[in-house]
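J.: Here you go, sequence then predicted model.
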Amino acid sequence: MVGKRPRKGRDKTSYINYFKKAQQFSAVMKQCYDDHNYDAAALNGIHAIISGIDAVLVYRHGVVSSSQNHEDAVGLLIELIPDGTAQAKHALAVIRKKTLVEYMDTLCNAPDALEIMKHTERFLVWVKTKLPSNE
């Protein structure tokens, strides 16, 4: 997208709710994987990434992406937090699988879900470094 990426303002204190959602999605992702529910694990990983992006953007800049395309949220993250470019690659790798996981007639297998989990866990470790340490 050329120019300013679409965004909506949010109260900066609400970052904690986005972070809690990311943690919840991450925990469910792991449980679903352990239960061999690989599609549910993958989808929860995707949602954990989206909530993690929102947590950082809200805490740092009081905004979230307002685009329907979740890849734009990654672009906004890179735009507003340039030192997160390397970590944003983990987010992008996961978000690019959203349509396949959520809307297509294929199923995830253990390696597919595990790949999403690894990217998600790495990204959320970084997210935590961008938020206050008491969270």
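T.: Arrived safely. As the structure is a prediction and not an experimental result, all values here were calculated from the model. Numbering: from 1, shown residues only.
J.: Nearest to the middle of the protein, which residue? Look it up for me.
T.: The centre of the chain sits closest to residue 49, judged by CA atoms, centre = their mean, with a distance of 1.2 Å.
J.: what pLDDT does that residue get?
T.: Residue 49 is assigned 97 on the pLDDT scale.
J.: got the contact list for it?
T.: 22, 90, 91, 94, 95, 119, 120, 123, 124 (CB atoms under 8 Å, 6 or more residues apart in numbering). All C-beta spots, glycine's among them, are computed from the backbone N, C-alpha and C.
J.: just residue 51 next, same as before
T.: Residue 51 is in contact with 18, 19, 21, 22, 25, counting by CB under 8 Å, 6+ apart.
J.: again, 10 Å this time
T.: By CB atoms under 10 Å, 6 or more residues apart in numbering, the residues touching residue 51 are 17, 18, 19, 20, 21, 22, 23, 24, 25, 26, 124, 127.
J.: From residue 47, how far out is the fifth one?
T.: If I follow you right, that is residue 21. Going from residue 21 to residue 47 by CB to CB, to the nearest Å gives 8 Å.
J.: circling back: host element of the residue nearest to the centre of the chain?
T.: According to DSSP states H and E, residue 49 maps onto helix 38-61.
J.: Tell me the helix or strand right after that helix.
T.: Next element after helix 38-61 (DSSP H and E): strand 63-65.
J.: partner strands of that following strand, parallel or antiparallel?
T.: Strand pairing for strand 63-65, determined by DSSP bridges: strand 7-9 (antiparallel).
J.: Give the buried residues for the strand it pairs with.
T.: By neighbour count on 16 or more other CB atoms under 10 Å, the buried set for strand 7-9 is residue 7.
J.: for residue 32, what are its contacts?
T.: Applying CB under 10 Å, 6+ apart, the residues near residue 32 are 38, 39, 40, 41, 42, 43, 44, 45, 113, 117.
J.: Verify the contact between the first one and residue 106 for me.
T.: Just to be clear, that refers to residue 38. No: Residue 38 lies out of contact with residue 106 (CB atoms under 10 Å); the separation is 11.1 Å.
J.: Name the residue in the two with the higher neighbour count.
T.: Shown here are residue 38 and residue 106; by other CB atoms under 10 Å, residue 38 has more neighbours (21 against 9).
J.: Many thanks, we can stop here.
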